[in-house]
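In: Starting from these lines, generate the structure:
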Amino acid sequence: MKFEELRIFLDEKADQYNCPDFIENDPIQIPHRFSLKQDIEIAGFLAATISWGNRKAIIKSAEKMLEIMGNSPFDFVMNHSEKDLQEIQAKSIHRTFNGEDFVYFIKQFNRIYTENESLEKLFEINESETNFIHAIERFRSQFLGTEKHRSHKHVSSPYKNSSTKRIIMFLRWMVRKDRRGVDFGIWGNINPRYLSIPLDVHTGNISRKLGLISRTQNDWKTVEELDQVIRKFDDKDPAKYDFALFGLGVTKEIL
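Out: Numbering: from 1, shown residues only. Below is the predicted model:
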């Protein structure tokens, strides 16, 4: 397809898949259960963190975390007891994300929210920046701290050439202004034009089949390669094409 034909095709597919029906089978349904900003952030970040593997299993594991937190994530983060954390420690959560990791995240959230009203502050983009590479690293250093812990592996680093798919997806949820009611757009200080496509097997394969990217790895360099193309299609809302690429991948419309 020529450039304009491809843009029209992807706009149509983004329009098709960016709808409330998308929520039903996607981990974004987890933060959609809340209205308080901090609840949305915590539930969203936890759901995004465990978003690898089968989507039904991801949602079930995220529901387990919500249940442990009494379905009040922010209140639990700020007011849990030491006994609460001890009980979580031995629990199985989702594949390699275990009770120890969950406890670690709860403690980090508590520290962050004691000092900040929102996680947004930790992801703000500086004037000279064109994407989230440095913002993600600044977030990592503030959220994870300097002391080594097994949980650090669950927050990927673009500086190590990871695609950071799960964080990029979380950022889409929080930043993108969506009139369809899928993404939240609750972070008003960050411009959606800086967003990238969460690069996974589906979006990577479809992007290659459509000739959007040439690199074979799903890494940060490929995220930036895809950025250059999709921002030519729409420089104000590039992340909307995640719906098109992911939808085409899941439905196997393009084989």
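In: which other residues reach stretch 146-155?
Out: T49, T96, F97, E100, D101, Y104, F105, R140, F143, L144, I167 (C-beta atoms under 8 Å, 6 or more residues apart in numbering). Glycine gets a C-beta too; all of them are placed from N, C-alpha and C.
In: I'd assumed Q89 was in contact with the fourth one.
Out: Yes: taking C-beta atoms under 8 Å as the contact criterion, E100 and Q89 are neighbours in contact, 6.0 Å apart.
In: Compare those two and say which one has the larger neighbour count.
Out: Legend: neighbour count by other C-beta atoms under 10 Å for E100 and Q89, higher for E100 (16 against 12).
In: contacting residues for that one?
Out: When contacts are counted by C-beta under 8 Å, 6+ apart, E100 touches Q89, R150, S151.
In: Check it and give its pLDDT.
Out: Among the per-residue scores, E100 holds a pLDDT of 94.
In: Give the helix, strand or coil label for it.
Out: When classified by DSSP: H, G, I helix; E, B strand; the rest coil, E100 comes out as helix.
In: and the gap between it and R208?
Out: Distance of E100 to R208, computed by C-beta to C-beta, to the nearest Å: 37 Å.
In: Over to S51?
Out: S51 sits 22 Å away from R208 when distances are taken as C-beta to C-beta.
In: any weak-confidence spans in this structure?
Out: Scanning the chain with the threshold set as pLDDT under 70 gives 254-255.
In: quick revisit: show me which of the contacts of E100 is closest to A244.
Out: Comparing those against A244 with C-beta to C-beta places S151 closest, at 33.4 Å.
In: Please report how far that closest one lies from I58.
Out: Using C-beta to C-beta, one obtains 18 Å as the distance from S151 to I58.
In: now do E12
Out: Plainly put, E12 is 28 Å away from I58 if you go by C-beta to C-beta.
In: Who has more neighbours out of those two?
Out: I58 (21 against 11).
In: Run the chain-centre distance for the helix or strand that one falls within.
Out: Under DSSP states H and E, the secondary-structure element containing I58 is helix 55-68. The chain centroid and the centroid of helix 55-68 are separated by 16 Å under C-alpha atoms, centre = their mean, to the nearest Å.
In: so what does it touch, helix or strand wise?
Out: Applying 3 or more C-beta pairs under 8 Å, 6 or more residues apart in numbering; DSSP states H and E, we find helix 55-68 packed against helix 37-49, strand 92-94.
In: Just say which of the ones you listed is most tucked in.
Out: helix 37-49 (a mean of 24; mean count of other C-beta atoms under 10 Å).
In: so that one versus helix 55-68, what angle?
Out: On the basis of axes from the mean of the first three to the mean of the last three C-alpha atoms, to 10 degrees, helix 37-49 is oriented at 140 degrees to helix 55-68.
In: on contacts alone, who are the packing partners of helix 37-49?
Out: If contacts are counted by 3+ C-beta pairs under 8 Å, 6+ apart, helix 37-49 sits against helix 55-68, helix 73-79, helix 99-115, helix 165-175.
In: Specify the angle between it and helix 99-115 in degrees.
Out: 150 degrees.
In: Next, give phi and psi for F97.
Out: F97 adopts backbone torsions of phi -90, psi 110, taken as degrees, to the nearest 10.
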